[in-house]
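Novice: Let me see the structure of the following:
(one chain, ligands or ions: 2)
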Amino acid sequence: MSMIKNLEKTKLMAIVPAAGIGTRMNSPIAKQYIKLGSLTVLEYTLDKLLTFPLIEKIIVVLHPNDSYFQNLSVSNHKKIHITYGGENRSDSVLAGLKLLDNHDWVLVHDAARPCILHSDINKLVNQVLIDEQNGGILATKVTDTIKRSSIDKNNYIAETCDRSLLWAAATPQMFKVQELRDNLSRAITLGLTITDEASAMELAGKFPKLIECRRDNIKITRQEDLALAAFFLKEQGYYQE
Ligand SMILES: Nc1ccn([C@@H]2O[C@H](COP(=O)(O)OP(=O)(O)OP(=O)(O)O)[C@@H](O)[C@H]2O)c(=O)n1
Ligand SMILES: C[C@](O)(CO)[C@H](O)COP(=O)(O)O
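Specialist: Ligands and ions are numbered 1, 2, ... in the order given. Now for the predicted structure:
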């Protein structure tokens, strides 16, 4: 049964952290502005969120020196609002949260994940609205054998991990605005390393739900991810030549 009716009293917003510089991509332009066919990575990502009916507003968090976004036609969309990010992804997400109302729900989704599908966003929203206390994230179960390396950085195997309970976190991650803002702000103030929103909620004693998503919801990080993302977008029927 769809729990989305619970949204009647609150709203669903989105934050797209897009203020990174893509160091690992080794590209002259930030990876969110690399074109796959005729559209940039960010345009594909925003199109997926703009066409998800329940999302009322999208905060795109840009690098302070971003000169690209204003040239994209999507920047004029009435649902799109911008702000500027910080040194770390968590700083950028916090900047976006400051523009939203306390009682709303927010989906935080990486600009670098353009292959997300509405079916997975729907799964996340429905599951999180069933258990309104902890929020939730999309994630994939680990299918490879996982090794922990020796701490001397010589990359020798120190141990093989029990992968049966291991998941790779993805996005969107969905939480109540006020809780996420308070917990993220506290974690940043404490100088803790926060690489996703769930980490900040866990530090506050919350147990966000893991909702399994498709493995094509990849994060474009390195050069070789671009061809894979283009392939998946073609498979999904979204690729624009
Ligand atoms: N200070 C930052 C760092 C990252 N991001 C965003 O967070 C998402 C995931 O981050 P990541 O893949 O690490 O992107 P980059 O930080 O750009 O990549 P790198 O770590 O290789 O520099 C990306 O959409 C990126 O634009 C952000 O908004 N603000
Ligand atoms: C949020 C995230 O995509 C979940 O896997 C990931 O933590 C982002 O990490 P990055 O180093 O900022 O790409």
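
Novice: how would you label residue 207: helix, strand or coil?
Specialist: Following DSSP: H, G, I helix; E, B strand; the rest coil, residue 207 is assigned to coil.

Novice: Pull up the per-residue confidence for it.
Specialist: Looking at residue 207, its pLDDT stands at 95.

Novice: Surely it touches residue 135?
Specialist: No. Using Cβ atoms under 8 Å, residue 207 makes no contact with residue 135, being 9.2 Å away. C-betas here are computed from N, CA, C, even on glycine.

Novice: Between the two, point out the one with more neighbours.
Specialist: residue 135 (23 against 13; other Cβ atoms under 10 Å).

Novice: got the contact list for the more buried one?
Specialist: Listed by Cβ atoms under 8 Å, 6 or more residues apart in numbering, the contact partners of residue 135 are 128, 173-176, 179-180, 197-198, 201, 206, 208-209.

Novice: Among the residues you listed, which lie within strands?
Specialist: Residues of these located in strands (DSSP state E): 173-176, 209.

Novice: So which of these would count as near ligand 2 as well?
Specialist: Among these, none lies close to ligand 2 by the criterion of Cβ under 6 Å from any ligand atom.

Novice: Return the residues of the protein in contact with ligand 1.
Specialist: Counting by Cβ under 6 Å from any ligand atom, the chain sits next to ligand 1 at 17-24, 32, 61, 85-89, 92, 110-112, 219, 221.

Novice: and with 5 Å instead?
Specialist: Contact residues (Cβ under 5 Å from any ligand atom) of the chain with ligand 1: 17-20, 22-24, 85, 89, 92, 110-112.
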